[in-house]
Structure formats: structure tokens, C-alpha cells
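Can you look at this prediction? I've put the sequence above it.
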Amino acid sequence: MNQTIRVAIYARVSTEEQAEHGYSIDAQLETLRGYCKLYNRVVAGEYVDRGVSGKSLKGRYELQRLLQDAKEGKLDEVIVWKFNRMARKNIDLLQIVDLLEKNNVAFQSFTEKFDTSTSMGKFALQMMGAVGELERNTIVDNVKMGHRQRARTGKHNGKVPLGYRSVKIDERGKETRVVVVEEEAALVRNIFEQYAAGHGLKAIANDLNHRGHKTRTGKAFSTCAIRDILDNPMFVGKIRYNRYENWAERRRNGKSTELILSEGHHPAIISEELWEKVQLLRQKKSVMPKKRFEGEYLLTGLIRCPECGAAMTASRTVNRAKDGTKIVRMYYSCGRFRSEGSSVCHANSVRKDEAEKAVTERIRQAVTQPHILKKIVRSINEHRSGRIKPLRDELAAVQARIDKLEEKKRKYLGLYEMDEIDRDLFAERLNDLNRELDTELTRRSKLELELRDDQAEPVSYELVRSLVSRFEALLQRSPFPQRKTLLHLIVKRITLDDMKRVGSVELAFSEETEKHFLSVAPSAEPIAEGAFPLSGKVPRLMKNLAVTI
């Protein structure tokens with residue numbers, strides 16, 4: 001008797017591909033269903049990532065669900081319409097195929113037929129992946145070339161900053177003109193004038209926030225937002241482009257050596273004289289020595305402000321005693337207060353030494369007092385079981401919205417077939433419905449993954465005790481850089497109570513942190529050498545474990 005082959009169909013299309021090339025999820029699925037039916041394969045599941053780019057694996061919840069099912073032995077084969085549906089980057093594609101092979105799951109493309117279980121098939125896969133990545137990179141290079149040319153001729157690319165907006169000058173919307181929004185422009189002029197008058201970044205942000213002004217995205221002004229405005233030559237009528245390369249991955253480390261700065265077609269908001277004065281001040285302040293805080297701040301970014309919930313950062317005060325000696329006091333203070341001023345929050349400072357001592361003591365108590373740890377474990381399991389119902393309720397609500405959108409699509413299709421709605425209006429409404437549907441389907445995939453994780457076996461006392469004891473031992477013996485790294489890997493958040501004392505410490509153990517830092521017992525040596533010296537095995541973790549102590 002022939003064994004039934006369980007096939008997973010994976011389909012993906014990005015928003016841009018749908019708009020520009022007319023790629024269709026439904027067409028991919030229909031083709032692959034027909035293939036499975038023709039060759040007597042059983043469709044074990046359809047995994048569809050809608051409106052998601054293939055550039056990275058982030059946010060592709062259906063792909064994550066497929067890989068989990070492969071690990072659990074639910075699949076025999078995965079089929080896609082084209083290899084680039086699975087991944088755009090060759091390295092991502094090869095990693096996915098390698099994971100499938102390790103779990104005895106075959107992988108194939110409908111349009112690019114070869115057997116990846118053979119040496120020649122694997123070679124062909126690598127070549128096809130490389131060609132696909134080359135194709136994508138060529139498209140990216142061509143787009144960048146077009147953007148560079150636009151910038152050289154004084155045309156703006158992308159979103160415009162505060163003070164401007166883009167207006168369409170043709171029906172297709174491909175050509176735009178940048179115009180001044182006078183109300184916002186007055187705010188930009190005020191920012192430049194304040195800085196030229198000697199006010200600092202924080203003082204300007206604080207003033208704007210007290211007056212109720214917001215950024216283009218509706219947020220309070222921060223020192224970073226003020227800095228970006230002051231450094232943007234667009235306000236003086238110029239176009240700057242290619243400041244950074246590969247921003248998505250390299251951020252500010254990808255500073256370009258081929259900056260484009262040209263005269264723009266848009267009107268300036270500030271005068272050349274004011275711009276030059278501000279840039280002179282910016283340059284002088286950039287070479288001034290930065291404040292250096294003495295001491296080692298272990299908990300920077302982990303303690304949360306009791307008033308606004310923002311991460312608290314390092315701060316200090318310097319005073320003089322009567323005999324003239326300098327007294328330095330170190331604190332953790334609200335990051336939003338330090339960045340955005342007193343209209344947003346207050347300092348809410350807590351003594352550095354007291355906070356760090358309280359956190360380490362809390363961890364030590366959890367290890368040395370079994371009754372405390374047992375309460376923690378019971379609380380974890382109750383929380384995990386309590387999360388399931390709200391997730392299921394939200395999933396039901398999402399499914400109801402999906403059903404409603406599908407019904408709307410059917411109604412519009414019926415009206416169109418009866419010639420009761422014109423083609424342009426039908427296409428526009430269908431696109432709107434598809435966008436809403438993509439959002440809801442992505443949310444459904446994410447919720448299904450969360451439910452799957454939360455329905456794991458209850459956490460055992462021995463597992464939590466083992467993990468927390470190893471964490472505490474490493475925290476006591478490691479040098480400062482390693483202790484800080486460990487804390488930031490494992491401590492999710494530290495909250496303060498109304499008296500500005502440590503209220504709770506939430507530890508989050510994931511598979512990766514457990515694998516690299518806690519999967520073995522601490523060394524018997526009194527001083528930690530290297531990264532985290534360890535020996536001896538402990539039980540494997542589930543996907544994620546949170547412990548509040």
C-alpha cells in the first residue's frame with residue numbers, strides 16, 4: 001500500500017508585488033492544489049503570508065508555523081510556486097531547506113523542478129537562490145540609481161519632514177511637488193531660532209512639549225527629534241540623499257562616502273544665515289567632551305519609570321562638602337524626562353547602589369527560599385493558563401472580522417457581475433478589502449502561534465530552580481561587562497513601587513539565552529574566565545519562560 005504524502009503549501013506575496021505585478025495568492029494556491037490533486041498528495045495545510053516581504057523572515061508567522069509543524073513530524077513535503085516565495089536571500093532559503101531536510105521533509109518548487117534530495121538538486125537550488133538574490137539586488141540597485149538621479153536634480157525621495165507635504169501633480173501620483181505647511185514651518189523656524197539663541201536640545205524639546213506641540217507622528221518631541229530637524233538641510237532648500245547605505249541592517253554604522261547634496265526645487269523654510277549659525281553651533285558642541293559617569297551601571301534600560309513606564313537611564317549629581325571635597329551621587333532616572341523634559345514625566349530618580357542591591361538580593365532570595373520559588377512557579381502556570389482564554393477570544397473576534405470581509409468581497413463581486421458597479425470603483429474597493437483582509441489574516445497567524453506556545457506542558461519547580469540558581473551564580477562571579485550582558489539578556493523588566501523601591505523583577509528565559517548562557521552549570525572556579533565558563537547539562541526549555549521574582 002502506498003504511503004500518503006502529507007504536503008504543506010506555502011504562498012507569499014508582498015504588498016508591492018500585488019500592486020505592481022499583479023501577483024495573486026489565490027492563483028498560487030489554486031495551482032499548487034491542482035498539482036497535489038494530480039499526483040495524489042494530501043494537502044496537510046496551507047500556510048499563507050500576505051502582504052509580507054521576502055527580504056527577511058521577521059513577521060512571517062505562517063512560515064514559522066510551517067517550520068514548527070515540520071519539526072513535530074506533521075509534514076512530508078513542502079511545495080511553493082517559486083523558490084523566491086520562500087525567501088529572497090539565498091542564505092535564508094538554504095537554512096530553511098536544511099531545517100526541513102533534518103526533519104525528513106522534502107522541498108520543491110512548482111515552476112523550478114528539481115530534486116533537492118540529490119547532490120545535483122542541492123547545487124541547482126543554490127544556483128537558483130543565488131540568481132533570485134541577484135535579481136532582487138539588481139532591482140534594488142536600479143531603484144537606488146533612480147533615487148540618486150532624482151536627488152541630483154533636486155527632487156525629494158521618500159517622506160518629507162515636519163514643515164512640508166507632498167502633493168500629486170499628475171493623475172497616477174508618480175510625480176509630486178513639495179510644498180510648505182505654514183503652521184508646521186513656523187514651528188521649525190522656532191526650533192532653529194531657539195538653538196541659535198543658545199538653548200540646548202533638551203530645553204527646546206521641553207519647551208515644545210509644554211506648549212502642546214507634537215511631531216509628525218503625533219509623539220512628544222525628544223532631543224533626537226530636535227537634532228534631526230537641526231541637521232536636515234532640506235529646511236534651507238537643499239536635497240540630501242545617500243547619507244547612509246543599507247540602513248535596515250547597518251543603521252548609523254552604514255555611513256556613506258558618496259553623500260549627495262544638491263539645490264532642491266522646494267521652497268526653503270529658514271534663511272541661509274540662520275542655517276549657517278546653527279551649524280556652527282552644532283559643530284562646536286559636537287567636539288565638546290561628553291559627560292562621563294563614574295561607576296558601572298548594571299540596570300540601565302531595565303528599570304522602568306513608575307510614572308510613565310519608560311526605561312530609566314544613568315544620571316548623577318556632583319556636590320561639594322563643607323571641606324571642599326567632591327561628592328558624587330549616582331542614580332537611575334526616567335529616560336523620557338531626560339530626553340523630552342518635565343512636561344512628559346519627572347526624574348523619579350532611584351539610588352544606583354540601592355536598586356542594584358535590591359535586584360541581586362531578590363534573585364538570591366528566590367534561590368535560597370524554596371517556598372518563594374514554589375509560589376513563583378505556581379504563578380507562572382496560572383498566568384500561562386489564564387492567557388489562553390483571552391487569546392482564544394481575540395482569535396474568534398479576528399476570525400469574525402475575516403468572515404465579514406470575505407462576505408463583503410463576495411457581495412462586490414456579485415454587483416460587478418450584474419453590472420451594477422463600474423470597474424474602477426470595484427477595483428478600488430476590492431484593493432481596500434484585500435488590504436484589510438491581509439492585516440486580519442496576519443493577526444490570526446500570530447495569535448495561533450501564541451496559543452500554540454501557551455498550551456505547552458506546565459513548568460516544573462526543578463526547571464525554574466535550576467535556571468535561576470545558575471543565573472544567580474553567574475551574576476555573582478562574572479566581571480562587570482559579562483554581568484551586564486547577562487542581565488540584559490535575561491531580565492525583561494524591573495518595576496518600582498510608589499516609594500521608588502524595586503517592586504518586581506521579571507526574568508525571561510528563551511531557547512537562545514538558555515542554550516548559550518544557562519544550559520550548563522557554573523564552573524567550580526572562584527573567578528569566571530572568558531565569557532560564561534560552564535560544565536554539566538540541565539533540562540531543555542520550552543520556547544519562552546517568564547519568571548517574576
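Yep, that arrived.

Show the average pLDDT along stretch 490-510.
Per-residue pLDDT over stretch 490-510 has a mean of 78.

what's the spacing between E361 and R501?
Per CB to CB, to the nearest Å, E361 is found 12 Å from R501. All C-beta atoms are positioned from the backbone trio N, CA, C, and that covers glycine.

Equivalent analysis for V179, please.
From V179 to R501 the distance is 54 Å (CB to CB).

same deal with S460?
In terms of CB to CB, S460 sits 31 Å off from R501.

ditto for A8
Separation of A8 from R501 (CB to CB): 52 Å.

In terms of packing, which of those two has more residues around it?
Comparing A8 with R501 by other CB atoms under 10 Å, the one with more neighbours is A8, at 25 against 13.

And the average pLDDT for whichever helix or strand that one is part of is what?
Assessed by DSSP states H and E, A8 sits inside strand 6-13. Confidence for strand 6-13, expressed as mean pLDDT, is 88.

just stretch 219-238 next, same as before
Across stretch 219-238, the average pLDDT comes to 91.

and if you look at stretch 105-117?
77.

What of stretch 198-206?
86.

send the alpha carbons of it over as PDB?
Listed next in PDB are the C-alpha coordinates belonging to stretch 198-206 (Å, rounded to 0.1, in the frame of the first residue of the first chain):
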ATOM      1  CA  GLY A 198      21.800  79.300  22.900                       C
ATOM      2  CA  HIS A 199      19.100  76.800  24.000                       C
ATOM      3  CA  GLY A 200      20.100  73.100  24.200                       C
ATOM      4  CA  LEU A 201      18.300  70.200  22.600                       C
ATOM      5  CA  LYS A 202      16.500  69.200  25.800                       C
ATOM      6  CA  ALA A 203      15.500  72.700  26.600                       C
ATOM      7  CA  ILE A 204      13.900  73.100  23.100                       C
ATOM      8  CA  ALA A 205      12.100  69.700  23.300                       C
ATOM      9  CA  ASN A 206      10.800  70.600  26.800                       C
END
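
outside of it, which residues touch it?
With CB atoms under 8 Å, 6 or more residues apart in numbering as the test, stretch 198-206 has contacts from 191, 194-195, 207, 220-223, 225-227, 338-343.

Drop anything exposed from these.
191, 194-195, 207, 220-223, 225-226, 338-341, 343 (16 or more other CB atoms under 10 Å).

Show me those that map onto helices.
Mapping the buried ones among the contacts of stretch 198-206 onto helices (DSSP state H) picks out 191, 194-195, 207, 223, 225-226, 338-340.

which one of these sits closest to F83?
Nearest to F83, judged by CB to CB, of those is A225 at 42.1 Å.

show me what contacts the closest residue to that closest one other than its chain neighbours?
Spatially, and ignoring its direct neighbours in sequence, A225 is nearest to T215 (5.5 Å; CB to CB, 6 or more residues apart in numbering). Residues near T215 by CB under 8 Å, 6+ apart: 162, 221, 225.

One more pass at 10 Å, please.
Taking CB atoms under 10 Å, 6 or more residues apart in numbering as the contact definition, T215 lies against 161-162, 187, 208, 221-222, 225-226, 228-229.

Does it fall in a helix, a strand, or a coil region?
Assigned with DSSP: H, G, I helix; E, B strand; the rest coil, T215 falls in the coil class.

Could you measure from it over to L230?
Distance, T215 to L230, using CB to CB: 14 Å.

try S342
Remark: distance between S342 and L230 (CB to CB) = 22 Å.

What of E46?
51 Å.

same check, this time on I494
Distance check for I494 against L230: by CB to CB, it reads 34 Å.

out of the two, which sits in the busier spot?
I494 (25 against 21).

quick one: low-confidence parts of the stretch 251-400 of the chain?
Residue ranges of the stretch 251-400 of the chain with pLDDT under 70: 251-257, 286-295, 367, 380, 383-386.

how about low-confidence regions in the stretch 401-549 of the chain?
Applying pLDDT under 70 to the stretch 401-549 of the chain flags the ranges 453-459, 482, 485, 489, 508-549.

Would you map the helices across it?
Ranges of helices in the stretch 401-549 of the chain, per DSSP state H, counting those that start in this stretch, are 423-454, 461-477, 480-490, 511-513.

Name the surrounding residues that touch stretch 405-423.
For stretch 405-423, contacts defined as CB under 10 Å, 6+ apart pick out 425-430, 432-434, 436-441.

So which elements touch the helix or strand hosting E273?
Using DSSP H and E, E273 falls within helix 272-286. Helix 272-286 sits against helix 182-196, helix 223-230, with contacts defined as 3 or more CB pairs under 10 Å, 6 or more residues apart in numbering; DSSP states H and E.

Please tell me how far the spatially most central residue of the chain sits from D49.
Closest to where the C-alpha atoms of the chain average out (CA atoms, centre = their mean) is K58, at 8.2 Å. Between K58 and D49 the computed distance is 11 Å (CB to CB).

okay, and the common contacts of the two?
Q64.

Tell me where the stretch 201-350 of the chain has strands.
For the stretch 201-350 of the chain, the strands defined by DSSP state E, counting those that start in this stretch cover 238-241, 260-263, 303-304, 312-320, 326-334, 350-351.

residue contacts, K352?
K352 makes contacts with 293, 295-300, 303, 314-316, 329-332, as judged by CB under 10 Å, 6+ apart.

I figured L32 hits A11, correct?
Yes - using CB atoms under 10 Å, L32 is in contact with A11, at 7.3 Å.
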